[in-house]
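Chemist: Got a predicted structure here, sequence first:
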Amino acid sequence: MNPRARYPPGIGNGRGGNVNANANFHPRNPQQPQHQQQYVQRGTVPNHQGQQYQQQLQQQQHQQWLRRNQMGSGSESEPGKLVPSAGGMDASSQDWKSKLKIPPPDTRYKTEDVTATKGNEFEDYFLKRELLMGIYEKGFERPSPIQEESIPVALTGCDILARAKNGTGKTAAFCIPALEKIDQDNNVIQVVILVPTRELALQTSQVCKELGKHLKIQVMVTTGGTSLKDDIMRLYQPVHLLVGTPGRILDLAKKGVCVLKNCSMLIMDEADKLLSPEFQPSVEQLIRFLPVNRQILLFSATFPVTVKDFKDKYLPKPYIINLMDELTLKGITQYYAFVEERQKVHCLNTLFSKLQINQSIIFCNSVNRVELLAKKITELGYSCFYIHAKMLQDHRNRVFHDFRNGACRNLVCTDLFTRGIDIQAVNVVINFDFPKNSETYLHRVGRSGRFGHLGLAVNLITYEDRFNLITSRFAHGKPGFHLIGGIQGDES
């Protein structure tokens, strides 16, 4: 008998017996800055709706508990005979974890953004054994706060509007319930994950494949800049989970090749970017190809007020999760150097000589400046790659792959790389050009300090940037910024 199945969910004080699905969710720190005019921070769910979610969750868990108990202690099973579990594994075998190829634990310091959990385990969510195997072999030890809040609610079929900081585990928070809900024997597209950039699509599809490597789930990635013919041919083969950019998936749907009538879950990562004027028309057209009773999950670190219209139209009663009591990232120390434009390259050279850089990402505000700066850095004798949206897709893929694998220490890029890109070795972000708004700043510096680890952000500020700096200081908290004095020989 499974020792975790002593009580049905909701009965007793077992760790898995009381998964929180309270719709009246409040941020972990109720002290909310007044200046933040973000939509989801003001959103709450009515109490009767929270009770409904709680009932759905408990009913689902109770049924799973009954099935598990019947399989583990049914009267028809012969004494000493092994009874297969729902995942096709041996239910009485308690050493299945010991047979996994689990990477060594990450012992680095982590901030409370990822450590302040309720103590849940992935097994508390009654996931398929094969999915649990993929989760542990990916190196996940226990759910992060956003995963604790999202996974059980997503499994009930509710729409979700979730806001959590960069690098706190949002991708797994929606990939795990998506993989759990897919029927691998039904060869139709059941889940679509929309992302705003091609690199993020490749990264997300890889996470899905790694988490589901013990499942027979077919994952496909499709983006612009790749062969449309190859994508069409691939869609004639079984596909359960489709990851891609809105324009390409819409194109395939209009051609009748990408059939979405059985797609029960639409996930939008970096949702605020997908709901910008650049993408929103394509997203809304794409939703028309989905069934009426589809489930929509929106995830991002920033939700401007402009998201409200889309939410009111397509998610009338979403479960709202807000794990951001402030816009700044606790694990990232932020500095700025006040310089003249002509001093920037010299300042960057000084930073390279003084800082201990594992890998760095350096942001510029235009394609032309990216290429010029990459050339300058190479001339200074430092290894450097660059990437921007006007490069050929094959070249972009190669740069992304090589930088991720540590082939180069520094990467110069445009805001193409601000969204979702997760490279664990990056510990320094440099804003060679300061961004125009606080949301872009947050996503840029969030490329370092992934999953609660420590990171460093350095901003090169000119006289023309002073108003944008003031805006960011108030948006991200004055104490987060520190002046680098004397880096150019002056104390300003």
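Modeler: Nice, I can see it. Residues are numbered from 1 along each chain as shown.

Chemist: Give the residue spans of the protein that score low on pLDDT.
Modeler: 1-94, 106-116, 166, 325-330, 417-421, 449-453, 469-492 (pLDDT under 70).

Chemist: Counting neighbours, what do you get for residue 119?
Modeler: Residues lying near residue 119 (other CB atoms under 10 Å) number 9. For every residue, glycine as well, the C-beta is placed using N, CA and C.

Chemist: Check the secondary structure at it for me.
Modeler: For residue 119, the assignment made with DSSP: H, G, I helix; E, B strand; the rest coil gives coil.

Chemist: all helices for the stretch 251-400 of the chain, in order.
Modeler: 271-274, 280-287, 307-314, 344-354, 367-379, 393-404 (DSSP state H, counting those that start in this stretch).

Chemist: Show me what the second one is in contact with.
Modeler: Judged by CB atoms under 8 Å, 6 or more residues apart in numbering, the contacts made with helix 280-287 from elsewhere in the structure are 192, 194, 246-247, 249-250, 253, 260, 266, 268, 274-275, 294, 296, 310, 314.

Chemist: Take the helices of the stretch 251-400 of the chain and write them to CSV, including mean neighbour count.
Modeler: Formatted as CSV, the helices of the stretch 251-400 of the chain follow (neighbours: other CB atoms under 10 Å):
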stretch, mean neighbour count
helix 271-274, 24
helix 280-287, 17
helix 307-314, 16
helix 344-354, 17
helix 367-379, 17
helix 393-404, 16
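
Chemist: Out of the ones you listed, which is closest to residue 207?
Modeler: Checking these against residue 207 by CB to CB gives helix 393-404 as the closest, at 12.8 Å.

Chemist: Give the partner strands of the helix or strand following the closest one in its sheet and their orientations.
Modeler: On the C-terminal side of helix 393-404, the nearest following helix or strand under DSSP states H and E is strand 410-413. Here strand 410-413 is paired, per DSSP bridges, with strand 359-363 (parallel), strand 384-387 (parallel).

Chemist: Distance from the chain centre to the shortest one, please.
Modeler: For strand 384-387, the gap between its own C-alpha mean and the chain's C-alpha mean amounts to 24 Å (CA atoms, centre = their mean, to the nearest Å).

Chemist: hang on, residue 425 packs against residue 358?
Modeler: Yes - with contact defined as CB atoms under 8 Å, residue 425 counts as touching residue 358 (4.7 Å).

Chemist: give me phi/psi at residue 185?
Modeler: phi -90, psi -10 (degrees, to the nearest 10).

Chemist: ok, back up a step: adding distance to residue 321, write the helices of the stretch 251-400 of the chain out as a markdown table.
Modeler: Formatted as a markdown table, these follow (distance: least, CB to CB, whole Å):
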| stretch | distance to residue 321 |
| --- | --- |
| helix 271-274 | 13 |
| helix 280-287 | 21 |
| helix 307-314 | 13 |
| helix 344-354 | 37 |
| helix 367-379 | 35 |
| helix 393-404 | 29 |
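
Chemist: what's the most buried one of the strands paired with strand 410-413?
Modeler: strand 359-363 (a mean of 24; mean count of other CB atoms under 10 Å).

Chemist: Measure how buried residue 181 is and give me the count.
Modeler: Residue 181, neighbours per other CB under 10 Å, totals 15.

Chemist: does it really touch residue 174, like I thought?
Modeler: No - between residue 181 and residue 174 there is no contact under CB under 8 Å: 10.9 Å.

Chemist: Stretch 237-254 spans what distance, first to last residue?
Modeler: Using CA to CA, to the nearest Å, the end-to-end distance of stretch 237-254 comes out at 18 Å.

Chemist: buried sites along it?
Modeler: For stretch 237-254, burial by neighbour count (16 or more other CB atoms under 10 Å) applies to 239-253.

Chemist: Could you do stretch 219-233 as well?
Modeler: Applying a neighbour-count criterion of 16+ other CB under 10 Å, one finds 219-223, 226, 231 buried in stretch 219-233.

Chemist: Alpha carbons of it, in PDB - could you do that?
Modeler: The C-alpha coordinates for stretch 219-233 follow below in PDB (Å, rounded to 0.1, in the frame of the first residue of the first chain):
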ATOM      1  CA  VAL A 219       6.200  17.800 -29.100                       C
ATOM      2  CA  MET A 220       6.500  20.100 -32.100                       C
ATOM      3  CA  VAL A 221       8.000  23.600 -32.400                       C
ATOM      4  CA  THR A 222       7.100  25.900 -35.200                       C
ATOM      5  CA  THR A 223       8.300  29.500 -35.800                       C
ATOM      6  CA  GLY A 224       8.700  32.000 -38.600                       C
ATOM      7  CA  GLY A 225      12.000  31.900 -40.400                       C
ATOM      8  CA  THR A 226      11.900  28.100 -40.900                       C
ATOM      9  CA  SER A 227      10.700  25.900 -43.700                       C
ATOM     10  CA  LEU A 228       6.900  26.100 -43.900                       C
ATOM     11  CA  LYS A 229       7.000  22.900 -46.000                       C
ATOM     12  CA  ASP A 230       8.800  21.000 -43.300                       C
ATOM     13  CA  ASP A 231       6.300  22.100 -40.700                       C
ATOM     14  CA  ILE A 232       3.400  21.000 -42.900                       C
ATOM     15  CA  MET A 233       5.000  17.600 -43.400                       C
END
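
Chemist: re the thing from before, return the subset of the buried residues of stretch 219-233 lying in strands.
Modeler: Applying DSSP state E to those, the entries found in strands are 219-222.

Chemist: ok, these vs residue 204, which is closest?
Modeler: Comparing those against residue 204 with CB to CB places residue 221 closest, at 7.9 Å.

Chemist: so that closest one touches residue 203, yeah?
Modeler: No - judged on CB under 8 Å, residue 221 makes no contact with residue 203 at a distance of 9.5 Å.

Chemist: can you count the residues close to the nearest residue to residue 252 once chain neighbours are set aside?
Modeler: Leaving aside its chain neighbours, residue 252 sits nearest to residue 258 (3.6 Å; criterion: CB to CB, 6 or more residues apart in numbering). Counted by other CB under 10 Å, the residues lying close to residue 258 total 25.

Chemist: again, but for residue 121
Modeler: Neighbour number of residue 121 under other CB under 10 Å is 13.
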